[in-house]
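Novice: sequence first, then the predicted structure, then my questions.
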Amino acid sequence: MLEIRGLAASIEDKPILKGIDITVPDGEIHAIMGPNGSGKSTLGYVLAGREEYEVTAGGVTFNGADLLAMEPEERAVAGIFLAFQAPIELPGVNNANFLRTALNAIRRARGEEELDAAQFLKTARAAAKTLAMKEDLLKRNVNVGFSGGEKKRNEVLQMAILKPRLAILDETDSGLDIDALRIVADGVNALRSPDFSALVITHHQRLLDLLVPNRVHVLAHGRIVRSGGPELALELEKSGYAAMVQEAA
């Protein structure tokens, strides 16, 4: 699915990633944890193709293709999805129209038949119901006036509708109460299949208790300093990052 080798990246000539090596096989969920400022969000942005970040070394393959050679829209068509830590508001852009346009753009690029308004609304309403979202959120502008929890659920709704091959969740659990956290986790777990993988960036064991990742990677100072099974997250919950980061320095 995803293979990252020696990935280094910078922004405004400031090095952020300094040689990342991660392999995410088909059907697996991997968690990325680490102190603030360690490069976790940068990794997600680079994989999604944000232009501000310059890749200075290494490579990334996704389903055998050179991911870094693709434009952001090509990555979306290939199945890359990024859920933001702080979803932005889009005044004047209807939520349902936005989602339908995105879905049909992907379907068109793949040579699939586009959905008409009635077909899309049926799909969107069913997805919203599974996430305990009020149907009227589909009629509002994207994230405008949404609570923090509603914005995060809206991100998972997008994911449920677009059905990516690889979801990158950048602290989607941030600011969620226990009930909303479970709904978001259930939305991710509903997509689990041999054709779906995820990179979950998080600080919190609560989300990982619900997702049960295959692997956990600790990122610090732009590098992966340790990888392990789900028990590694429990160790971090107990002892924090400091000792592990100092040990790897």
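Specialist: Received it, and whenever you're ready, just let me know what you need. Since the structure is predicted, the reported quantities are computational estimates derived from the model, not experimental observations.

Novice: for residue 151, which non-adjacent residue is spatially closest?
Specialist: Nearest non-adjacent residue to residue 151, counting by Cβ to Cβ, 6 or more residues apart in numbering: residue 87, 4.4 Å away. In this view, the C-beta of every residue, glycine as well, is placed from N, C-alpha and C.

Novice: number of nearby residues for that neighbour?
Specialist: 19 (other Cβ atoms under 10 Å).

Novice: next one: residue 45
Specialist: 21.

Novice: right, and it touches residue 55 too?
Specialist: No. Assessed by Cβ atoms under 8 Å, residue 45 is found out of contact with residue 55, at 11.0 Å.

Novice: distance of the residue nearest to residue 151 from residue 201?
Specialist: Going from residue 87 to residue 201 by Cβ to Cβ, to the nearest Å gives 14 Å.

Novice: same question, residue 39
Specialist: Using Cβ to Cβ, we find residue 39 at a distance of 10 Å from residue 201.

Novice: any idea what the residue positioned nearest the centre of the chain is bridged to?
Specialist: Nearest residue to the geometric centre of the chain (Cα atoms, centre = their mean): residue 168, 1.9 Å. For residue 168, the beta-bridge partners are residue 82, residue 199 (DSSP bridges).

Novice: so it makes contact with residue 188?
Specialist: No. Taking Cβ under 8 Å as the definition, residue 168 is not a contact partner of residue 188, at 11.6 Å.

Novice: anything in contact with each of the two?
Specialist: Contact criterion Cβ atoms under 8 Å, 6 or more residues apart in numbering; residues shared by residue 168 and residue 188: residue 198.
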